[in-house]
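Student: Need a 3D model of the following:
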Amino acid sequence: MAQTNFTPISLYYSATATNVPTAGNLVAGELAINTADGKLFYKDSAGVVQTIASKAGALGDVVGPASATDNAISRFDATTGKLIQNSLVTVSDTGAISAPVDASISGLTVGKGASAVATNTALGVSALAANTTASRNTAIGYQAGYTNTTNIASTYVGYRAGYLATGAQCTFVGDNAGQNSTGTLNGFFGQAAGYLVTSGAKNTIIGSFDGNQGGLDIRTASNYIVLSDGDGNPRGFFDASGNLLVGETTQRARLSVTTGNDECIFAINSAGASSATMCSWNNAGTGNNYLHAFFVDAGASNVGNIDYNRAAGLLRYNVTSDATLKNIIGDSNGQRSLEILNTTRIRDFAWKSDTEQKTQIGVIAQELYETYKGAVSVGGENEEGKYRPWGVDKTAFTFHLIAGWQAHEKIIQELNAKVTALEAQINGA
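Tutor: Numbers count the residues shown, from 1 in each chain. Next comes the predicted model:
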C-alpha cells in the first residue's frame with residue numbers, strides 16, 4: 001500500500017546477490033541487509049561483520065519442510081547444509097528401519113529385487129533384477145538370479161549364481177553356479193558347478209563339475225547325482241537309472257568301479273568274526289543262481305564265475321571252459337601231468353603266525369614256481385612298495401591229477417592184461 005503520514009526507516013542495504021558489507025561500511029552495532037539474498041548483517045564488538053539471519057536460516061541453522069512423515073529420516077536438500085527434506089525411510093520407535101524400495105549400502109543392494117515381491121530376498125547388485133511375479137526366491141550376490149522373472153522357490157548364492165537360470169525350485173551355490181540352467185529342481189554346489197547345464201533337470205552336483213567334463217555330459221540330461229573334485233573331474237555319480245559309477249563314465253552294471261594301481265574295493269569287517277565281510281544274494285527262486293563273474297583284459301573276457309546249481313544243490317566255482325573258445329590239439333597222454341606231479345615237492349610246515357606251530361601239509365609257492373608256474377601267483381613288492389605274498393591255486397592240479405590217474409590206470413590195465421596172459425600160460429602148462 002502507499003507509504004503516507006510517516007517517515008520510513010531504511011537500513012544500510014544492497015540489492016546485489018552475494019554482496020556482504022565490509023567492516024568499514026558499518027559502525028559497531030549497525031545493521032545491514034542484502035535484499036537479494038535475504039540476509040541480515042551486523043558488526044560485532046571485535047569489528048567483524050557477522051550474519052545474524054537469513055531467509056534460508058542463519059549460518060548453522062537448518063530449515064525444514066512445513067510437514068514430514070512421522071519417524072522419517074530427514075536428509076539434506078542441495079549442498080548448503082541448511083535445508084533438509086522429508087524421506088521415505090523411517091525408523092520406528094523400536095529401531096526398525098523400513099523403506100519402500102531396495103536399499104543400497106556401499107553399492108550393495110539389499111531388498112526384495114524387482115517388483116518387490118514380499119516373499120523374495122535379494123542381497124547384491126542386480127540380484128533378482130528382472131523379477132516380475134516370482135516368489136519365495138533368495139538371491140545373494142552380484143547379479144544372482146538376474147533373469148528370473150516368474151519361476152518360484154529358488155535359491156542363488158554367489159557371483160552370477162543362476163544368472164540366466166529360468167527353472168523353478170533350484171538351488172545354486174557358488175561363483176557362476178547354474179548360470180545357464182533352464183531345468184527345474186536342480187541343485188549345484190561349488191565353483192561354477194553346473195555352469196554348462198542347460199535343459200537338464202533334477203540333477204545334483206557337488207564340486208566344480210560344470211556339466212560336461214571328464215567324459216561325462218549331463219547338459220541336457222536329468223536325474224543325475226555327480227560328486228566331483230575342485231578341478232571338475234567327476235569322481236563318482238549316479239546316472240538317471242540309479243546306477244553308481246566310480247572312477248569311470250561308462251555304465252556296465254548297477255555298481256561300476258574303476259581304479260588305477262590300488263585295490264578297487266577294500267572291505268574291513270569290524271563287527272566280529274560271525275559277521276560276513278561281503279555278501280552275495282541272488283534271490284531268484286527258480287533256475288541256477290548266478291552269483292559272481294570274473295573278467296580280464298580290456299575287452300572284459302569272462303574267465304570264470306560262481307553259481308548255484310539248483311538241481312544238484314551245489315555251489316559251483318567255475319573256470320571258463322567253452323569249446324567255442326578253444327583250439328583242441330588232442331587227448332593228453334598224461335606224461336606232462338605225471339612230470340608235474342612227480343616234481344612237486346610236498347612239505348610239512350607251520351605258519352609263522354601260528355603260536356601253536358601246528359603241522360600243515362602243502363607246497364611252497366617259490367619252490368613250485370620252478371616246476372609249475374601256472375599254479376603260482378607271483379608276489380613281491382608292488383608299484384607302491386607294498387608286499388603281496390606269493391600264492392598257489394590248488395585247483396590247478398585237478399586236471400593233472402585226472403590225467404595222471406588215467407595214465408596210471410592205463411598202465412595198470414596193461415599190467416593186468418600181462419598178468420592174465422602169464423597166468424594162462426602157467427595154468428596151461
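
Student: C-alpha only now, for contacts and for neighbours.
Tutor: Fine.

Student: tell me the helices in the protein, going along the chain?
Tutor: For the chain, the helices defined by DSSP state H occupy 335-343, 365-368, 398-428.

Student: quick one: the first one to chain centroid distance?
Tutor: Distance of helix 335-343 from its chain centroid, counting by CA atoms, centre = their mean, to the nearest Å, is 59 Å.

Student: between that helix and helix 398-428, how big is the angle?
Tutor: 100 degrees (axes from the mean of the first three to the mean of the last three CA atoms, to 10 degrees).

Student: okay, the helices of the chain, which one's buried deepest?
Tutor: Burial of the helices of the chain is given as mean neighbour count (mean count of other CA atoms under 10 Å); helix 365-368 ranks first at a mean of 17.

Student: what's the pLDDT at Gly287?
Tutor: According to the prediction, Gly287 has pLDDT 93.

Student: With adjacent residues omitted, what lies nearest to it?
Tutor: Arg310 (6.4 Å; CA to CA, 6 or more residues apart in numbering).

Student: Report how many residues lie close to the one you found.
Tutor: Residues within reach of Arg310, counting by other CA atoms under 10 Å, total 13.

Student: what's the distance between Gly236 and Gly200?
Tutor: For Gly236, the distance to Gly200 equals 18 Å [CA to CA, to the nearest Å].

Student: What is the least confident helix or strand in the protein?
Tutor: Ranked by mean pLDDT, DSSP states H and E, the weakest helix or strand in the chain is strand 103-105, scoring a mean of 78.

Student: List the contacts of that one.
Tutor: 109-111 (CA atoms under 8 Å, 6 or more residues apart in numbering).

Student: what lines up beside that strand in the sheet?
Tutor: strand 108-111 (antiparallel) (DSSP bridges).

Student: Show the average pLDDT along the strand it pairs with.
Tutor: Strand 108-111 shows a mean pLDDT of 83.

Student: how about that strand as CSV, C-alpha atoms only?
Tutor: Presented in CSV, the C-alpha positions along strand 108-111 are these (Å, rounded to 0.1, in the frame of the first residue of the first chain):
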residue,chain,number,x,y,z
LEU,A,108,25.4,-53.4,-2.2
THR,A,109,21.7,-53.7,-2.9
VAL,A,110,19.5,-55.0,-0.1
GLY,A,111,15.9,-55.8,-0.5
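
Student: how far does it sit from the chain's center?
Tutor: 29 Å.

Student: likewise stretch 391-398?
Tutor: Stretch 391-398 has its average C-alpha position 46 Å from the chain's average C-alpha position, going by CA atoms, centre = their mean.

Student: List the buried residues of it.
Tutor: By 16 or more other CA atoms under 10 Å, the buried positions in stretch 391-398 come out as 392, 397.

Student: can you list contacts of it?
Tutor: Outside stretch 391-398, the residues that reach it (CA under 8 Å, 6+ apart) are 365, 374-379.

Student: so can I have a markdown table of the contacts of strand 103-105 showing distance to Gly404 and neighbour count?
Tutor: Below are the contacts of strand 103-105 laid out as a markdown table (distance: CA to CA, whole Å; neighbours: other CA atoms under 10 Å):
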| residue | distance to Gly404 | neighbour count |
| --- | --- | --- |
| Thr109 | 90 | 20 |
| Val110 | 90 | 19 |
| Gly111 | 90 | 23 |
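
Student: can I get the residues you listed in JSON lines with distance to Thr250?
Tutor: Formatted as JSON lines, the contacts of strand 103-105 follow (distance: CA to CA, whole Å):
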{"residue": "Thr109", "distance to Thr250": "46"}
{"residue": "Val110", "distance to Thr250": "46"}
{"residue": "Gly111", "distance to Thr250": "47"}
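
Student: any chance of the contacts of stretch 391-398 in a markdown table, plus distance to Asp348?
Tutor: Below are the contacts of stretch 391-398 laid out as a markdown table (distance: CA to CA, whole Å):
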| residue | distance to Asp348 |
| --- | --- |
| Ala365 | 14 |
| Gly374 | 22 |
| Ala375 | 19 |
| Val376 | 19 |
| Ser377 | 21 |
| Val378 | 21 |
| Gly379 | 22 |
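
Student: what about burial for these, which qualify?
Tutor: Using 16+ other CA under 10 Å, the buried ones in the contacts of stretch 391-398 are 365, 375-376.

Student: rewinding a little: in terms of neighbours, single out the busier of Gly236 and Gly200.
Tutor: Using other CA under 10 Å, the more surrounded residue of Gly236 and Gly200 is Gly200, with 23 against 19.

Student: residues touching the closest residue to that one other than its chain neighbours, list them.
Tutor: Leaving out its chain neighbours, the residue that sits closest to Gly200 by CA to CA, 6+ apart is Thr220, at 4.0 Å. Remark: with contacts taken as CA under 8 Å, 6+ apart, Thr220 is in contact with 197-201.

Student: how close does the closest residue in space to Ala68 that isn't next to it in sequence get to Asn71?
Tutor: Spatial nearest neighbour of Ala68, chain neighbours left out: Asn86 (5.5 Å); criterion: CA to CA, 6+ apart. For Asn86, the distance to Asn71 equals 10 Å [CA to CA].
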